[in-house]
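> Show me the folded form of this:
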Amino acid sequence: MTSPTAQRVPAGPVSGVPRGHLPRAVLTALTPMAWGTTYIVTTELLPPGHPLFAGLLRALPGGLIALAVTRTLPRGAWWGRAAALGVLNIGLPFPLLFLAAERLPGGVAATLAAAQPLVIALLAVAVLREALSAWRLAWGLTGMAGVGLVVIGPSAALDGVGILAALGSAASMALGITLTKRWGRPPEAGPTAFAGWQLTAGGLFLLPLTFLAEGAPPAIGPAAALGYLWMGLVGGLLSYVVWFRGITTLPVTSVAVLVLLSPLVAAILGAVVLGQTFGPVQLLGFGLALAAIVAGQLPAPTRRR
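All right, here's what the predicted structure looks like:
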C-alpha cells in the first residue's frame with residue numbers, strides 16, 4: 001500500500017512528462033549521463049578485481065555525508081522501505097555493474113543494462129497497475145537496439161558471469177525504481193535525505209559482503225583515489241539526489257528511458273579518451289537511442305473511435 005502522506009507525481013500524462021516538468025526531466029537526465037562515466041573510470045582508474053569494494057565506496061561515504069547534512073532519519077515503516085530500496089537501487093546494482101564492466105566489453109555491458117526500460121514497462125503493469133503499453137515496449141526495444149548498434153563491435157566477447165551480472169543489475173534497479181514510484185517519498189525527507197537513506201542502506205548491505213568476498217582493500221594510488229572520489233561524490237551522492245527527485249515527480253517510464261543516456265555517454269568518452277571511432281552504423285544507433293529517449297518523454301498516442 002502507498003503511504004497516504006507520501007509525495008506522489010502530479011497529475012499529468014501517464015506515459016509522458018507532465019506539462020511544465022520538462023526542465024526537471026532534463027535535470028534528471030544528468031544522472032545517467034554521470035553514470036556513463038562508470039565504464040571508463042572502472043577500466044582506466046580503478047584497481048581490477050574489487051567490484052564490491054568499488055560499490056561500497058560509491059555508496060556508503062556519500063550516504064553518511066547526506067545523513068550528517070540533513071540529520072533526518074526514517075520513521076515507522078520507512079525503516080524497512082528505505083532498507084529494501086537501498087538494497088535494490090544500490091546494494092545489488094553497484095557490485096553487479098562493476099563486475100559486468102570488468103568481465104564484459106563496455107559495449108556489451110551497456111547494451112544489457114539498456115534493457116532496464118523494458119523491465120520497468122513490465123513491472124509497471126504488476127506493481128503500479130498500469131496497462132501494458134505497446135508504445136513503451138516498442139520504444140524500449142528501439143532504444144536497446146540503438147545502444148547495441150553504438151557500442152557492440154564485431155569482436156565483442158561474451159562472458160556468462162558478466163552477462164548475468166549486467167542483467168541482474170538492470171533487473172534489481174528496475175524493481176527499485178518501480179517501488180520508489182509506488183511508495184513515493186515521505187514528506188519529512190527531502191531528496192538529499194531520501195538519497196542518503198538508500199545510499200547508507202546499500203552501503204551497509206555491501207560492507208560485510210565486501211570484506212568476506214574480497215578480503216583486504218586494494219592498494220589505492222592517486223589515479224584510483226581520483227576514480228573512487230568521482231564515483232562516490234558525482235556518480236553516487238549528487239547523482240542519486242537528482243535521480244530520486246526525478247523518480248518521485250515524473251512518470252516512471254519517462255525516467256527509465258533516460259538510462260539509455262548512460263551507454264551513449266560511455267561511447268562518447270571512449271571516442272574522446274580512447275580514440276575510438278564511429279561509423280555509419282554507430283551514428284544510426286545514436287539516432288535510434290535518442291529517438292527512444294525523446295519518445296519516452298511524450299504521452300503515448302491514443303486511439304480515436
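> The stretch 151-300 of the chain: helices as residue ranges?
Under the criterion DSSP state H, counting those that start in this stretch, the stretch 151-300 of the chain contains helices at 160-183, 191-214, 222-232, 239-249, 252-257, 261-274, 280-296.
> so the first one versus helix 239-249, what angle?
It refers to helix 160-183. When axes from the mean of the first three to the mean of the last three CA atoms, to 10 degrees is applied, the directions of helix 160-183 and helix 239-249 differ by 50 degrees.
> and helix 160-183, which residues are buried?
Using 16 or more other CB atoms under 10 Å as the test for burial, helix 160-183 gives 162-163, 165-183. C-betas here are computed from N, CA, C, even on glycine.
> ok, now the last one?
Counting neighbours by 16+ other CB under 10 Å, one finds that the buried residues in helix 280-296 are Gln282, Gly285, Phe286, Leu288, Ala289, Ala292, Ile293, Ala295, Gly296.
> Please apply the same query to the third one.
Buried positions in helix 222-232, judged by neighbour count with 16+ other CB under 10 Å: Ala224, Gly227, Tyr228, Trp230, Met231, Gly232.
> Nearest to Leu45 among those?
Checking the buried residues of helix 222-232 against Leu45 with CB to CB, the nearest one is Gly227 at 3.3 Å.
> ok so, going back, got JSON lines for the helices of the stretch 151-300 of the chain, with mean pLDDT and distance to Glu130 too?
What follows is these, written out as JSON lines (pLDDT from 0 to 100; distance: least, CB to CB, whole Å):
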{"stretch": "helix 160-183", "mean pLDDT": "88", "distance to Glu130": "10"}
{"stretch": "helix 191-214", "mean pLDDT": "93", "distance to Glu130": "23"}
{"stretch": "helix 222-232", "mean pLDDT": "93", "distance to Glu130": "33"}
{"stretch": "helix 239-249", "mean pLDDT": "89", "distance to Glu130": "15"}
{"stretch": "helix 252-257", "mean pLDDT": "82", "distance to Glu130": "8"}
{"stretch": "helix 261-274", "mean pLDDT": "81", "distance to Glu130": "23"}
{"stretch": "helix 280-296", "mean pLDDT": "86", "distance to Glu130": "14"}
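> For the ones you listed, could you give me TSV that also reports distance to Gly62?
Listed next are the helices of the stretch 151-300 of the chain as TSV, based on distance: least, CB to CB, whole Å:
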stretch	distance to Gly62
helix 160-183	17
helix 191-214	5
helix 222-232	5
helix 239-249	8
helix 252-257	20
helix 261-274	18
helix 280-296	26
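> Trp135: which of those helices is closest?
helix 280-296 (7.8 Å).
> Give me the angle between the closest one and helix 261-274.
150 degrees.
> and helix 280-296, what other elements does it pack with?
Applying 3 or more CB pairs under 8 Å, 6 or more residues apart in numbering; DSSP states H and E, one finds that helix 280-296 contacts helix 134-151, helix 252-257, helix 261-274.
> Now tabulate the ones you listed in CSV and tack on mean neighbour count and distance to Gly49.
Below are these laid out as CSV (neighbours: other CB atoms under 10 Å; distance: least, CB to CB, whole Å):
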stretch, mean neighbour count, distance to Gly49
helix 134-151, 22, 24
helix 252-257, 28, 31
helix 261-274, 19, 21
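> right, so of these, which gets closest to Ala113?
Ranking the helices and strands packed on helix 280-296 by proximity to Ala113 (CB to CB) places helix 261-274 first, at 6.8 Å.
> Next, the angle from the closest one to helix 134-151.
Counting by the same axes, to 10 degrees, helix 261-274 lies at 10 degrees to helix 134-151.
> on contacts alone, who are the packing partners of helix 261-274?
Checking 3+ CB pairs under 8 Å, 6+ apart, helix 261-274 ends up next to helix 22-35, helix 38-44, helix 106-113, helix 134-151, helix 280-296.
> got the buried residues for the first one?
Buried positions in helix 22-35, judged by neighbour count with 16+ other CB under 10 Å: Arg24, Ala25, Thr28, Ala29, Leu30, Thr31, Pro32, Met33, Ala34, Trp35.
> CA atoms only for it - export them in PDB, please.
Taking Å, rounded to 0.1, in the frame of the first residue of the first chain, the C-alpha atoms of helix 22-35 are listed here in PDB:
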ATOM      1  CA  LEU A  22      10.400  19.300 -18.900                       C
ATOM      2  CA  PRO A  23      13.300  21.200 -17.100                       C
ATOM      3  CA  ARG A  24      13.100  18.600 -14.300                       C
ATOM      4  CA  ALA A  25      13.400  15.800 -16.800                       C
ATOM      5  CA  VAL A  26      16.400  17.500 -18.300                       C
ATOM      6  CA  LEU A  27      17.900  17.800 -14.900                       C
ATOM      7  CA  THR A  28      17.200  14.200 -14.100                       C
ATOM      8  CA  ALA A  29      18.900  13.200 -17.400                       C
ATOM      9  CA  LEU A  30      22.200  14.400 -15.900                       C
ATOM     10  CA  THR A  31      22.200  11.400 -13.600                       C
ATOM     11  CA  PRO A  32      22.500   8.600 -16.200                       C
ATOM     12  CA  MET A  33      25.000  10.900 -18.000                       C
ATOM     13  CA  ALA A  34      27.200  10.900 -14.900                       C
ATOM     14  CA  TRP A  35      26.700   7.100 -14.700                       C
END
